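Trainee: need a structure here:
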Amino acid sequence: MNNPPTTDKSSLSAGELSVPQASADVWVLPIRANRELVGQLQQTLSSDEIARALHFRADDDRDLFIVGRGILRKILSRYASEPAQKLVFRYGLKGKPYLRDHSYLQFNLGHSGGLAVYAISGKELGVDIELVKPSTDWRKISKRFFSPREVEELERLDPTQQLRGFFSCWARKEAYIKAIGQGIATLAKFSAGAQPSPGEGPIDEEGKPRKWYFKDLKVGDEHACAIVTQFDQCRIRLFRFSRAEDCLRFINEENRHG
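Mentor: Below is the predicted model of the structure:
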């Protein structure tokens, strides 16, 4: 797979951030919390989100929730043309979020190891990111949650590639169950392939027509990341930021121009 280069954000105009219909926009950025950023983004949250934040016992976990949720609101506000604090979230049976008043806007998100990914499209989708942890007991986990085909494929890999193959497969599978709004009980019922990233291809459910497709996203050597859409050749426009503050600055500038 040829990964598209990171978008040159300086060349974008406000009109170019409309909701993509046959592709997806992906935003990648670290969500490090500092007091100023937490205070700024907390003002965009609803009362129920603030209540959720207060359930975290550790200050760092609470602050990261506020930052991650606040950035999601800021990004969505750019596509919905509505202030971040006015967006109203609803949740599906398995907890998948959607916007009450903007059904045309589909989104999904994930975060791991301090890095967050947000995906936007006009069609249903899922996205996941996983920090590659060498200490992971990938053999035990794969035998429980991977399909027999994936387990076999993983075992055939060169030993130096098996850890990366495991996390690539895990990210694809998590992205898929997010896309369809299902839980981990379905993980072993389909195949997304265990070849190391980068890769792309169909999600294979035995006996069912192919409807969903994964595409790996290259976000750095320390993470595995994948998006799942209904586009067999999904075009990705990548927005990559080295700091959360840079992302917010870009959004605010675009809002002023729009």
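Trainee: switch to C-alpha atoms for all contacts and neighbour counts from now on
Mentor: OK.
Trainee: Show me what counts as buried in stretch 226-242.
Mentor: 226-232, 234, 236-241 (16 or more other CA atoms under 10 Å).
Trainee: no, scratch that, I was asking about stretch 129-140
Mentor: Ile129, Glu130, Leu131, Val132, Trp138.
Trainee: Check which helices and strands the helix or strand Arg90 falls within is in contact with.
Mentor: Taking DSSP states H and E as the criterion, Arg90 maps to strand 89-91. Judged by 3 or more CA pairs under 8 Å, 6 or more residues apart in numbering; DSSP states H and E, strand 89-91 is in contact with strand 97-99.
Trainee: gap between the strand it packs on and the chain center?
Mentor: With CA atoms, centre = their mean, to the nearest Å as the basis, strand 97-99 stands 14 Å off its chain's centre.
Trainee: What strands line up against that strand, and which way round?
Mentor: strand 89-91 (antiparallel) (DSSP bridges).
Trainee: would you list the buried residues of stretch 226-242 in CSV and tack on secondary structure, distance to Gly165 and pLDDT?
Mentor: Formatted as CSV, the buried residues of stretch 226-242 follow (DSSP: H, G, I helix; E, B strand; the rest coil; distance: CA to CA, whole Å; pLDDT from 0 to 100):
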residue, secondary structure, distance to Gly165, pLDDT
Ala226, strand, 13, 98
Ile227, strand, 16, 98
Val228, strand, 17, 97
Thr229, strand, 21, 97
Gln230, coil, 23, 95
Phe231, coil, 23, 93
Asp232, coil, 21, 90
Cys234, coil, 21, 88
Ile236, strand, 22, 94
Arg237, strand, 25, 93
Leu238, strand, 23, 93
Phe239, strand, 25, 95
Arg240, strand, 24, 95
Phe241, coil, 26, 95
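Trainee: And the nearest residue to Leu105 once chain neighbours are set aside, how far from Lys211?
Mentor: Setting aside the residues directly before and after it, Leu105 is nearest to Gly122 in space (CA to CA, 6 or more residues apart in numbering), at 5.2 Å. To Lys211, Gly122 is 16 Å away according to CA to CA, to the nearest Å.
Trainee: More neighbours: these two, which one.
Mentor: Ranked by neighbour count (other CA atoms under 10 Å), Gly122 and Lys211 place Gly122 first, with 17 against 13.
Trainee: my guess is the more buried one meets Asn108, correct?
Mentor: No: using CA atoms under 8 Å, Gly122 makes no contact with Asn108, being 11.6 Å away.
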